[in-house]
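Asks: just a sequence and a predicted model for now, questions to come.
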Amino acid sequence: RNATQHKRQEYKYQERMVRPTTITTAETDPTPATATTSVSTTEEDETPIFSEWREFNINDDDDDDVDVDADADVDVDAKDVSNGVNSSSNNNHNEQDTAGLFCMFDTQEEEDVYEDVRYDYPSSLRKGAADASNSTTAIDTTTSSTTTSVTIRHHNAYPNSTGLAVWRGAEIMARFLCNAQQTLDSNSTTISNACTTNTSSNNDIRVAAVRNKRVLEVGAGAGLPSIVAHKILGAAKVLVTDGDFDALNNLKHNVDRNRLHCDAADASTTGTSTSTSSNNSIVCSQLIWGHQPHIDAILAKHGKQDVVLMADCVYMVPSLKPLWETIDKLLVGNSKIDDHDTHDDNDNDDGIVVYVQTAASAVPWERFKSTAVDEHGFETLCCVVSNGELRKYKEEDGSDSDDDDDNDGDNSGRPSGAAKHKEEFERGIYVFRRRRRR
């Protein structure tokens, strides 16, 4: 992540970085605040409620996928490693790999430095949701009568805060979802066939609107897109997930902080955090990709989802298989699994996946796409990859001078300076749909 990431400027939805104690009005000084040195905590201290993180061996030279059944004891080993216990003394190389992996997420050895990021979105998006459902849901207008604020706590000590940081992809995803909803609200024409498989600048993004839909975010980190879907866009039910222990506790804090109907009695002590409204709920839960017990629990409790969100969460090729298998099982429209779908499933159900990639990744775009399209029956609907189109969703921090030059020629939508061979992972916004059954 660029070292000048926090040199933020006011942008489309008036996002600003502020200190936790200085969230006041839209006139707040937009100068980025330095990280605070004290820890921002939830109202009550809780015993950790999530199981430890499990992951792939990031130095798996054989490019093998982890077998969930054969790896049933990974939780115990992972806990031992995080506590400094040598759980694999016979293989120093694997021990170093595992220790390096957990270092990415373990912040215990350094001072916990959290800061708040405030995002202001048009309240009209929420009003539209209220009008659509004929409800009188109150709007949190902490900045003005025309904006609604979302405040996200994240850890400022990169690089050891991977799952605790607000990544640029999450910010772009949130703006994209807002723009999709605004576009849909301004044109009520049916969108069932509006988007095709071309990648031109005329892609119809309305298919990504989430109002009154069930939304799942995987690898959510700090949870900005999910919280925007819940608080700003009026999604019916939002299930926001991650696999990492520390990320989940911070995620629960952010969900509780931004819920529409805050009620301390609803703060779960069993591992989830839920809004009080059954038709506008948000739940925080652990989901390790490919881990069947987690998938079964979600299907049993929440059913299948209409939209899956993922932003800057794919870094390694071995994660592709469990990721898409998980999405395949939890998204509507899969004829192989219908027992857990709570609303009428038919051949016209469009399971939508919105994916944003801005961070560096070892996964080639062609490999990512082929896994979705060839192995799991998805089709690519919309792509926003050209610099000109992508810039309106990007925050400008003064560091991406290469992006100022629109070059849609041989660059094929990649940022200037990026390698132009087809193995390069293309940064952009992608919308997939489960291929319709004939």
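Replies: It's in. Numbering: from 1, shown residues only.

Asks: where does pLDDT dip in the stretch 51-200 of the chain?
Replies: Within the stretch 51-200 of the chain, the segments meeting pLDDT under 70 span 51-112, 127-145, 157-161, 188-200.

Asks: for the stretch 201-350 of the chain, what spans make up the strands?
Replies: Ranges of strands in the stretch 201-350 of the chain, per DSSP state E, counting those that start in this stretch, are 214-217, 237-242, 281-286, 307-311.

Asks: closest to residue 119 out of those?
Replies: In terms of Cβ to Cβ, the element of the strands of the stretch 201-350 of the chain nearest to residue 119 is strand 307-311, at 14.2 Å. C-betas here are computed from N, CA, C, even on glycine.

Asks: okay, now the sheet partners of the closest one, with direction.
Replies: Strand pairing for strand 307-311, determined by DSSP bridges: strand 214-217 (parallel), strand 352-357 (parallel).

Asks: just so I know, which of those strands lies nearest residue 302?
Replies: With Cβ to Cβ as the criterion, residue 302 lies closest to strand 214-217 of the strands paired with strand 307-311, at 7.5 Å.

Asks: CA atoms of that closest one as PDB?
Replies: Output of strand 214-217 as PDB, limited to C-alpha atoms (Å, rounded to 0.1, in the frame of the first residue of the first chain):
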ATOM      1  CA  ARG A 214     -29.400 -10.200   1.000                       C
ATOM      2  CA  VAL A 215     -25.700  -9.300   0.900                       C
ATOM      3  CA  LEU A 216     -22.700 -11.300   1.900                       C
ATOM      4  CA  GLU A 217     -19.200  -9.800   2.200                       C
END
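
Asks: pLDDT of it, averaged?
Replies: The pLDDT scores in strand 214-217 average 98.

Asks: list the contacts of it.
Replies: Residues outside strand 214-217 that contact it (Cβ atoms under 8 Å, 6 or more residues apart in numbering) are 223, 225-226, 229-230, 235-241, 302-311, 330-331.

Asks: give the bridge partners for the closest residue to residue 164 other than its chain neighbours, please.
Replies: Counting by Cβ to Cβ, 6 or more residues apart in numbering, residue 164 lies nearest to residue 155, which is 3.5 Å off, once chain neighbours are set aside. Counting by DSSP bridges, residue 155 is bridged to residue 114.

Asks: equivalent analysis for residue 150, please.
Replies: Applying DSSP bridges, one finds that residue 150 bridges with residue 119.

Asks: check contacts around it.
Replies: Per Cβ under 8 Å, 6+ apart, neighbours of residue 150: 118-121, 224, 227-228, 231-232, 258.

Asks: equivalent analysis for residue 119, please.
Replies: 13, 15, 149-152, 171, 174, 224, 228.

Asks: now, the most widely separated pair of those?
Replies: Largest separation among the contacts of residue 119 by Cβ to Cβ: 149 and 171, giving 14.6 Å.

Asks: between those two, which is the more surrounded one?
Replies: residue 171 (27 against 21; other Cβ atoms under 10 Å).

Asks: ok, back up a step: out of the contacts of residue 119, list just those in helices.
Replies: Residues from the contacts of residue 119 lying in helices, with DSSP state H as the criterion: 171, 174, 224, 228.

Asks: does residue 359 really touch residue 167, like I thought?
Replies: Yes: if you go by Cβ atoms under 8 Å, residue 359 and residue 167 touch, sitting 6.2 Å apart.

Asks: more crowded one of those two?
Replies: Between residue 359 and residue 167, residue 167 has the larger neighbour count (other Cβ under 10 Å), namely 23 against 17.

Asks: so the more buried one makes contact with residue 356?
Replies: No: using Cβ under 8 Å, residue 167 makes no contact with residue 356, being 9.2 Å away.

Asks: who touches both of these two?
Replies: Common contacts of residue 167 and residue 356, defined by Cβ under 8 Å, 6+ apart, comprise 311-312.

Asks: ok, residue 164 - contacts?
Replies: Counting by Cβ under 8 Å, 6+ apart, residue 164 has contacts 107, 154-155, 221-222, 246-247, 250.

Asks: most neighbours, which of those?
Replies: residue 221 (30 neighbours).

Asks: surely residue 220 meets residue 238?
Replies: No: contact criterion Cβ under 8 Å: residue 220 and residue 238 do not qualify, at 10.0 Å.

Asks: coming back round to it: let me know which of the strands paired with strand 307-311 is tucked in deepest.
Replies: Using mean count of other Cβ atoms under 10 Å, the stretch among these with the largest mean neighbour count is strand 214-217, at a mean of 27.

Asks: any weak-confidence spans in the stretch 201-350 of the chain?
Replies: 201-203, 261-278, 334-349.
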